[in-house]
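Trainee: Please work out how this folds:
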Amino acid sequence: MFDVQKIRRDFPMLNRENPTIFLDNASTTFKPQCVIQAVTDYYSNYCSNIHEGDYDISYQAQKEFDHAREKIAKFINADSREI
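Mentor: Reported below is the predicted structural model:
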């Protein structure tokens, strides 16, 4: 069984003083803290296009992209080339 309170704690927008009920996921969704941190890390440390640059930052962004692709593939039991 899912621990709903534990899941809610992962989402900063759900930890506000007044509890939030949000039913408009078609336009946007709340992000868990780990996603917010990953996006901040990308913009702070290796914001670059992948597959296009022949420089260190682009290479690092490509490595992170490939790593994410592998993690997703493993999670859904797929080949990373399918992601």
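Trainee: Now do the one residue sitting closest to the centre of the chain against I57, distance only.
Mentor: With distances taken as CA atoms, centre = their mean, the chain has V35 as the residue nearest its mean C-alpha position (3.7 Å). Per CB to CB, to the nearest Å, V35 is found 21 Å from I57. Every C-beta, even on glycine, is put in place using the N, C-alpha and C of the backbone.
Trainee: Contacts for the helix or strand hosting A38 next, please.
Mentor: With elements taken from DSSP states H and E, the one containing A38 is helix 33-45. Residues from elsewhere that reach helix 33-45 (CB atoms under 8 Å, 6 or more residues apart in numbering): D10, F11, P12, K31, Q60, A61, E64.
Trainee: Backbone torsions only: list them for the first one.
Mentor: Listed backbone geometry of D10 is phi -70, psi -20, with angles given as degrees, to the nearest 10.
Trainee: so what's it scoring on pLDDT?
Mentor: Note on D10: pLDDT of 94.
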